[in-house]
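Enquirer: build me a model:
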Amino acid sequence: MLMLPTAIPPDFGAGAVFLSVLVTQLGVPVPAAPVLILAGTMAAGGETSYGSLLAAAVVATLLADSLWFAAGRMRGRRLLNGIVRFSLSLDTTIRIARNVFERYGAPILSVAKFVPGLGLISAPLLGTTSVALHVFLLWDSVGAALWAGTWLLGGAALHAEIVRFAAFVRANGMTIFDVLAVAGGLFLAWRWLRRMQFRHWLATHRISPDQLDEMMKSSAPPIVLDARPQSVRDREAYRIPGARPLNLESSEELSPELIGRPIVVYCVCPNEATAKRIVNQLRNKHIYHAHALKGGLDAWERRGYPVEPLSTDFHTAHASPEALDAGEEAAYTVRASLSE
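Expert: Predicted structure coming up:
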């Protein structure tokens, strides 16, 4: 039986797996998968047991996710906004996660750990809902076992290859942990580069609440689009004065008679992730005068600017130049798919 080189501490096992998974699930942007794969390789070599490794991973996941669930229940959307603002993952958007959980409910926790971003946001997001704690823990346990078990079995399946690679690394004066450290550093650098690219986009394609207020007072006010999901609008039934609903699921396109005016998109994402996606869709359709509102509706309110209640037909109206001229509600839409 091939064995991992002795450069790896003989007591590596459940403790290291527990610590690695706990740190990752608490939100530190360092993946636990490499450690789980290595632990699976050691289990395949008889150096530790699968049961203890799997138990350590599940317990660490439940501990971290329970803390996030409790924090979400106490802090609500403020916590979610903070996670999205400081997360290095561009895949972590509240809108996507909320839509997934509204469609599938708590059972989606069984696969959430496999989806980038969704695994981090799922626990605090469910904490903001009425899901019972025991239901959350049940499905979170299932998801943790499937996620950790998959990586452990993957390490076992690649046992021979990983042992040979570890021997090669050791023969060149390093250990497998040096390799993990280098890989982790490169991973963080890549994630940080993505974040810097996103911030550069925001610097050139978003406007502040003060700028929007000035635009709305001008002789050519912009079309303001409310990109919040309907579930959020139902709970927070107000808007920036004159804002129009944007239905991403509609197959209709923005009316050609209206695209000559400036467009401002807002949502509730602190990093304007949803608004960025919508603005890019509009720009791909050669509409280059669209901007995202910095900080979304929350920032508009914090600056003390007025909001108004949603009318009863806010969700059901349709876009037309006549409706705009008449001051009626209009739902401006853009294809979710950019294929023509």
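Enquirer: give me the packing partners of the longest helix along the chain, helices and strands only.
Expert: For the chain, the helix that runs over the most residues, judged by DSSP state H, is helix 176-205. Packing contacts for helix 176-205, counted by 3 or more CB pairs under 8 Å, 6 or more residues apart in numbering; DSSP states H and E, involve helix 33-44, helix 159-171, helix 273-284, strand 290-293. For the C-beta atoms, the positions are set from N, CA and C on the backbone; glycine is no exception.
Enquirer: need these in a markdown table (columns: mean neighbour count, distance to residue 223 and mean pLDDT).
Expert: Converted to a markdown table, those look like this (neighbours: other CB atoms under 10 Å; distance: least, CB to CB, whole Å; pLDDT from 0 to 100):
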| stretch | mean neighbour count | distance to residue 223 | mean pLDDT |
| --- | --- | --- | --- |
| helix 33-44 | 24 | 45 | 86 |
| helix 159-171 | 16 | 56 | 75 |
| helix 273-284 | 20 | 11 | 68 |
| strand 290-293 | 25 | 9 | 84 |
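Enquirer: figure out which of the ones you listed is closest to residue 212.
Expert: Closest to residue 212 of the helices and strands packed on helix 176-205 is strand 290-293 (CB to CB; 6.0 Å).
Enquirer: for the closest one, name the packing helices and strands.
Expert: Strand 290-293 sits against helix 176-205, strand 206-207, strand 263-266, helix 273-284, with contacts defined as 3+ CB pairs under 8 Å, 6+ apart.
Enquirer: go again with 7 Å.
Expert: Strand 290-293 sits against strand 206-207, strand 263-266, helix 273-284, with contacts defined as 3 or more CB pairs under 7 Å, 6 or more residues apart in numbering; DSSP states H and E.
Enquirer: as JSON lines, those with distance to residue 160 would be great.
Expert: Output for the helices and strands packed on strand 290-293, formatted as JSON lines (distance: least, CB to CB, whole Å):
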{"stretch": "strand 206-207", "distance to residue 160": "52"}
{"stretch": "strand 263-266", "distance to residue 160": "53"}
{"stretch": "helix 273-284", "distance to residue 160": "42"}
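Enquirer: looking at those, which is closest to residue 156?
Expert: helix 273-284 (37.4 Å).
Enquirer: CSV for the helices and strands packed on helix 176-205, including distance to residue 106?
Expert: As requested, the helices and strands packed on helix 176-205 are arranged in CSV below (distance: least, CB to CB, whole Å):
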stretch, distance to residue 106
helix 33-44, 24
helix 159-171, 35
helix 273-284, 24
strand 290-293, 32
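Enquirer: these: which one's closest to residue 133?
Expert: Nearest to residue 133 among the helices and strands packed on helix 176-205 is helix 33-44; the distance by CB to CB comes to 26.6 Å.
Enquirer: what's the spacing between that closest one and its chain's center?
Expert: Centre-to-centre, helix 33-44 and its host chain are 27 Å apart (CA atoms, centre = their mean, to the nearest Å).
Enquirer: which helices and strands does the following helix or strand past that helix pack with?
Expert: Past helix 33-44, heading to the C-terminal end, the next element that is a helix or strand (DSSP states H and E) is helix 50-75. When contacts are defined as 3+ CB pairs under 7 Å, 6+ apart, helix 50-75 sits against helix 14-25, helix 33-44, helix 118-127, helix 133-157.
Enquirer: and the third one, how far out from the chain's middle?
Expert: Distance of helix 118-127 from the chain centroid (CA atoms, centre = their mean) equals 9 Å.
Enquirer: same deal with the first one?
Expert: Its chain's average C-alpha position is 22 Å from that of helix 14-25, according to CA atoms, centre = their mean.
Enquirer: report the angle between it and helix 118-127.
Expert: Between the axis of helix 14-25 and that of helix 118-127 there is an angle of 70 degrees, by axes from the mean of the first three to the mean of the last three CA atoms, to 10 degrees.
Enquirer: where does the protein dip in pLDDT?
Expert: In the predicted model of the chain, residues 1-12, 76-97, 117, 176-177, 202, 247-259, 269-276, 284-287, 312-340 satisfy pLDDT under 70.
Enquirer: pull out the buried residues from stretch 288-302.
Expert: With burial defined by 16 or more other CB atoms under 10 Å, the residues of stretch 288-302 counted as buried are 290, 291, 292, 293, 294, 295, 296, 297, 298, 299, 300, 301.
Enquirer: and the end-to-end length of it?
Expert: Its first and final residues considered, stretch 288-302 spans 28 Å by CA to CA, to the nearest Å.
Enquirer: related to what we said a few turns ago, out of the helices and strands packed on helix 50-75, which is closest to residue 111?
Expert: Each of those was scored for nearness to residue 111 using CB to CB, and the closest is helix 133-157 (6.6 Å).
Enquirer: circling back: among the helices and strands packed on helix 176-205, which is nearest residue 130?
Expert: Minimum separation from residue 130 across the helices and strands packed on helix 176-205 (CB to CB) falls at helix 273-284, 24.2 Å.
Enquirer: domains of the chain?
Expert: Following automatic domain parsing, the chain resolves into domains at 14-203, 208-333.
Enquirer: test my guess that residue 246 contacts residue 226.
Expert: Yes: with contact defined as CB atoms under 7 Å, residue 246 counts as touching residue 226 (6.2 Å).
Enquirer: more neighbours: the two, which one.
Expert: Just comparing residue 246 and residue 226: by other CB atoms under 10 Å the higher neighbour count belongs to residue 246, 25 against 22.
Enquirer: having no further points to raise, I will conclude here.
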